[in-house]
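Asker: How does the following fold in three dimensions:
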Amino acid sequence: MKIVFLLTGKTTEEYIIKGIEDYSARIGKFAPFEIVTLRELRNIGSMPALLQKEKEGGKIIEFFRAGDYAVLLDERGKQYRSVEFAGWLEGKLMLPKRRIVFVAGGAWGFTDAVYKKSDTTLSLSKLTFSHQLVRLLFLEQLYRAFTIIKGVPYHHE
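Answerer: Numbering: from 1, shown residues only. Just a heads-up that it's a prediction; the model follows:
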């Protein structure tokens, strides 16, 4: 099964870009993996937050395909310890789906329509992180989950 990490808007911080590249390469050794970045909205400085969220939501929904298992990264989602997340992921990799699509939304989060189209939500923490930092944190946890599943030394418990 392919794993897709769907992002809204570019990553601009150089240290985050380097970390994303590093973990993407590592994850790619365990499973087919791709990062897809949706085109940024234009003129968002003058756009109300709700409208921005709706437009981003429409793009996210357009990206989903039949046969996808869609997972939103959301502060209200289910939280796991790393070992539990690895078990969860291993179970999802057995589903008769073509892709698991993990979605990191924009600064304003997701619309109700996106929640309805998704299969589940995951939370990385009760803390709030910038939408760019979430990208790097999630990829590290995804890599960690694969090392746990495959028995590769990385995670210590």
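
Asker: and the longest helix along the chain, how far from the chain's centre?
Answerer: The longest helix of the chain (DSSP state H) is helix 131-150. Relative to its chain's centre, helix 131-150 lies at 9 Å (C-alpha atoms, centre = their mean, to the nearest Å).

Asker: how about residue 5, what does it touch?
Answerer: 33-36, 101-102, 104, 135, 138-139, 142 (C-beta atoms under 8 Å, 6 or more residues apart in numbering). From N, CA and C alone the C-beta is placed, and that goes for glycine too.

Asker: Check which helix or strand it maps to.
Answerer: Residue 5 is part of strand 2-8 when elements are defined by DSSP states H and E.

Asker: Check the secondary structure at residue 29 for me.
Answerer: Following DSSP: H, G, I helix; E, B strand; the rest coil, residue 29 is assigned to coil.

Asker: ok, now how distant is it from residue 131?
Answerer: 27 Å (C-beta to C-beta, to the nearest Å).

Asker: Which of those two has more residues huddled nearby?
Answerer: residue 131 (18 against 11; other C-beta atoms under 10 Å).

Asker: Surely the more buried one and residue 105 touch.
Answerer: Yes. Here residue 131 reaches residue 105: they are 6.8 Å apart, a contact under C-beta atoms under 8 Å.
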